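Colleague: Here is my input, please return the structure:
(one chain, ligands or ions: 4)
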Amino acid sequence: MEWVTAALLALLVPDCLAATRPNFVLLFADDLGYGDLGFSGHPSSLTPNLDRLAANGLRFTDFYVTSPVCSPSRASLLTGRYQTRSGIYPGVLYPGSRGGLPLNETTIAEVLKPLGYATAIMGKWHLGYGANGTYLPTRQGFDHYLGIPYSHDMGPCQNLTCFPPDVKCFGYCDQGVVTVPLMSLDTIIQQPVDFVNLDDAYRDFATRFIRTAAEAQQPFFLYYPSHHTHYPQFAGWKSVGRSLRGPFGDSLLEFDSTIGDILQTLDETGVLKNTLVFFTSDNGPELMRMSRGGNSGLLKCGKGTTYEGGMREPAIAYWPGVIKPGVTHSLSSTLDILPTFAKLAGAPLPKVQLDGVEMTDILFNHGPGKREAMFFYPTDPSEKYSVFAVRWGKYKAHYYTRGATHSGTTPDKDCSVFAFLRQHDPPLLFDLESDPSENYNLTLKNFPEWATVQNKIQDLKAAFEASMEFGESEIGKGTDPTLEPCCNPECSPKPKCCQCGTVGY
Ligand SMILES: *[C@@H]1O[C@H](CO)[C@@H](O)[C@H](O)[C@H]1NC(C)=O
Ligand SMILES: *[C@@H]1O[C@H](CO)[C@@H](O)[C@H](O)[C@H]1NC(C)=O
Ligand SMILES: *[C@@H]1O[C@H](CO)[C@@H](O)[C@H](O)[C@H]1NC(C)=O
Ligand SMILES: *[C@@H]1O[C@H](CO)[C@@H](O)[C@H](O)[C@H]1NC(C)=O
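Modeller: Numbering: from 1, shown residues only. Ligands and ions are numbered 1, 2, ... in the order given. Modelled structure (predicted):
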């Protein structure tokens, strides 16, 4: 009962008491799978802080992202809309991409800022850089930014140190582009970035941001899209060699330690009880990296595919005293975070077609929530093929299936890039409650309600498709090497002269 009361209080905060609006901390892992965490069964991951969040928060078992790759998944997280609307498809943005998340899209930061929220992002943006930094987070509602504007493997890494004292990064990463920059607001302060000390810089940034907001009694939104545990893994002195899981485990441990530092600052500044901390990951594990990729546990395949392993993610909502600890099996998604934060803050929703629904019934009552279905787009959505799969209730229908380069190397032949596009008419149908691994196609013979379920899903799919207006593809605008971020404005030709070490940091 006291939980309900606390929840109601949180919702009934009068508008004049700005200082009591809840704070939001959004933790976003990179390429971390359903089976990668200790609390979800991984035997050698070391994540004491995430375990603590899971034990004292609400853990989601059926939480989905909207894409099995980075940029589109992030676009949906920040806008509450499928990536097809904002044009963040096909694939991902590159350092020299002309496009980016359109500036007229409304992000969570832009929803909260007009209510007096301080807003900050640290880590991996990956929603565009563009001409002179047109698409940086500072143009999308974030007051503060420290981070890498895209994936940290999007630049040569063979000479860089990923683990102290001087263990070189594993592999080569992308060649022929500028080395990876570290940015503070719109300024490049390091190129190439120093991986070994990066999380310490994030910790200091987060500490300063939270302390400043707490002292000013200003509500805040901190978004931490981490580079962990994307390839090539890295970690600093505190985490190297400390997990039982090798480089991947050390990278995960470093992410976990930074989360621990954030929680400690929330506690020390007295704002923990007024802060909703939400954790999830952008897409499934990159199985092609083998032991340096993640693990999707009992789910099928991983990154790049519309099987469960590509798009179902671990998730936790933590708010001590307000969200009762437990487990929810309610269907929910990164799409739902914007409407949820908006509702809790008392902010109006953007006047656009949203795909998210607010989750307060799930968070405060452990109720069923409002989400009826989830639609699975491939990495290259098109009006011709539309969604590859649909989940409704416990059922999932696959209209198309395909493997992916990112998910190669597992014994399951359906995951590899050689599993070419295949249409299923009628769709494959799985009961994800009794068969979460998508092994056993429900048939007319063994499942009498087959036609009823199939028809219901078909109707939902048709209604969704009728509501979908594809935005112009931003990634289709292509790349221009002269747009790549460079610490040396005079540099020509790029990329060779874009190496400055640390400048003004
Ligand atoms: C943003 O602008 C583009 C181009 O004018 C338009 O097509 C799109 O619908 C707009 N998006 C939003 C969310 O307003
Ligand atoms: C970037 O800004 C500089 C200085 O204002 C300008 O000279 C240059 O043309 C701009 N580049 C692009 C691609 O817009
Ligand atoms: C890496 O180091 C080697 C040897 O010093 C050098 O030849 C090469 O250009 C470096 N590559 C990059 C991308 O910095
Ligand atoms: C799945 O089950 C449906 C309904 O019985 C059937 O029509 C379809 O051929 C099956 N697909 C596969 C690949 O087994």
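
Colleague: How far does stretch 161-172 stretch from one end to the other?
Modeller: Terminal residues of stretch 161-172 lie 12 Å apart, using C-alpha to C-alpha, to the nearest Å.

Colleague: tell me what whichever strand or helix holds residue 458 is packed against?
Modeller: Element membership for residue 458, per DSSP states H and E: helix 450-467. The criterion is 3 or more C-beta pairs under 8 Å, 6 or more residues apart in numbering; DSSP states H and E, and the helices and strands that helix 450-467 contacts are strand 373-376, strand 389-392, strand 395-401, strand 422-431. Using the backbone N, CA and C atoms, a C-beta is placed for each residue, glycine as well.

Colleague: what's the neighbour count on residue 392?
Modeller: Neighbourhood size, residue 392 [other C-beta atoms under 10 Å]: 18.

Colleague: Distance of the closest residue to it other than its chain neighbours relative to residue 283?
Modeller: The shortest distance from residue 392 to any non-neighbouring residue, by C-beta to C-beta, 6 or more residues apart in numbering, is to residue 373 (4.7 Å). Residue 373 is 19 Å from residue 283, where distance means C-beta to C-beta, to the nearest Å.

Colleague: Residue 381 now?
Modeller: 14 Å.

Colleague: Leaving out sequence neighbours, find the closest residue to residue 354.
Modeller: In space, and not counting its chain neighbours, residue 354 is closest to residue 80: 4.8 Å by C-beta to C-beta, 6+ apart.

Colleague: quick one, what contacts that neighbour?
Modeller: Contact analysis of residue 80 by C-beta atoms under 8 Å, 6 or more residues apart in numbering lists 108, 335-339, 350, 354-356.

Colleague: Now the phi/psi pair for it, please.
Modeller: Main-chain dihedrals, residue 80, degrees, to the nearest 10: phi 70, psi 20.

Colleague: Might you enumerate the residues of the stretch 351-500 of the chain proximal to ligand 1?
Modeller: residue 352 (C-beta under 6 Å from any ligand atom).

Colleague: what residues does the stretch 351-500 of the chain put near ligand 4?
Modeller: The stretch 351-500 of the chain comes close to ligand 4 at residues 426, 428, 441, 443-444, as judged by C-beta under 6 Å from any ligand atom.

Colleague: who in this structure is up against ligand 4?
Modeller: Neighbours of ligand 4 within the chain, by C-beta under 6 Å from any ligand atom: 426, 428, 441, 443-444.

Colleague: mind checking pLDDT for whatever residue of the stretch 201-350 of the chain ends up closest to ligand 1?
Modeller: The nearest approach of the stretch 201-350 of the chain to ligand 1 comes at residue 350, 7.7 Å away (C-beta to the nearest ligand atom). Listed pLDDT for residue 350 reads 98.

Colleague: And for residue 61, nearest residue in space, chain neighbours not counted?
Modeller: residue 329 (5.1 Å).

Colleague: What count of nearby residues applies to the one you found?
Modeller: Neighbour count of residue 329, defined by other C-beta under 10 Å: 13.

Colleague: close enough to count as contact, it and residue 58?
Modeller: No - assessed by C-beta atoms under 8 Å, residue 329 is found out of contact with residue 58, at 11.2 Å.

Colleague: ok, which stretches of the stretch 251-400 of the chain are strands?
Modeller: For the stretch 251-400 of the chain, the strands defined by DSSP state E, counting those that start in this stretch cover 275-281, 312-318, 326-328, 332-333, 373-376, 389-392, 395-401.

Colleague: Report the distance from the second one to the chain centre.
Modeller: So that's strand 312-318. Chain-centre distance of strand 312-318: 11 Å, with C-alpha atoms, centre = their mean, to the nearest Å.

Colleague: other SSEs contacting it?
Modeller: Strand 312-318 packs on helix 48-56, strand 58-64, strand 275-281, going by 3+ C-beta pairs under 8 Å, 6+ apart.

Colleague: tell me the angle that strand makes with helix 48-56.
Modeller: Following axes from the mean of the first three to the mean of the last three C-alpha atoms, to 10 degrees, one obtains 70 degrees for the angle between strand 312-318 and helix 48-56.

Colleague: can you list the residues that contact strand 312-318?
Modeller: If you take C-beta under 8 Å, 6+ apart as the criterion, strand 312-318 is touched by 32-34, 36-37, 39-40, 50, 53-54, 56-60, 62-65, 276-284, 299, 323, 332, 359, 363.

Colleague: Just want the angle from that strand to strand 275-281.
Modeller: Going by the same axes, to 10 degrees, strand 312-318 makes 170 degrees with strand 275-281.

Colleague: burial count for the residue in the stretch 251-400 of the chain that ligand 4 sits nearest to?
Modeller: Going by C-beta to the nearest ligand atom, ligand 4 is nearest to residue 398 of the stretch 251-400 of the chain, at 9.3 Å. By other C-beta under 10 Å, 22 other residues sit near residue 398.

Colleague: nearest residue to residue 325 other than its sequence neighbours?
Modeller: Take residue 325 and drop its neighbours on the chain: the residue closest to it by C-beta to C-beta, 6+ apart is residue 56, 5.2 Å away.

Colleague: okay, now the one you found: neighbour count?
Modeller: Counted with other C-beta under 10 Å, residues neighbouring residue 56 total 14.

Colleague: Can you tell me how far residue 29 is from ligand 1?
Modeller: To ligand 1, residue 29 is 28 Å away according to C-beta to the nearest ligand atom, to the nearest Å.

Colleague: When residue 381 and residue 283 are compared, which one has more neighbours?
Modeller: A count of neighbours by other C-beta under 10 Å puts residue 283 above the other of residue 381 and residue 283, at 32 against 25.

Colleague: and that one, what does it touch?
Modeller: 31, 65, 67-70, 73, 303, 310-311, 313.

Colleague: from those, which would you call buried?
Modeller: 31, 65, 67-70, 73, 303, 310-311, 313 (16 or more other C-beta atoms under 10 Å).

Colleague: circling back to that earlier point, make TSV from the helices and strands packed on strand 312-318 and add mean pLDDT to it.
Modeller: Below are these laid out as TSV (pLDDT from 0 to 100):
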stretch	mean pLDDT
helix 48-56	98
strand 58-64	98
strand 275-281	98
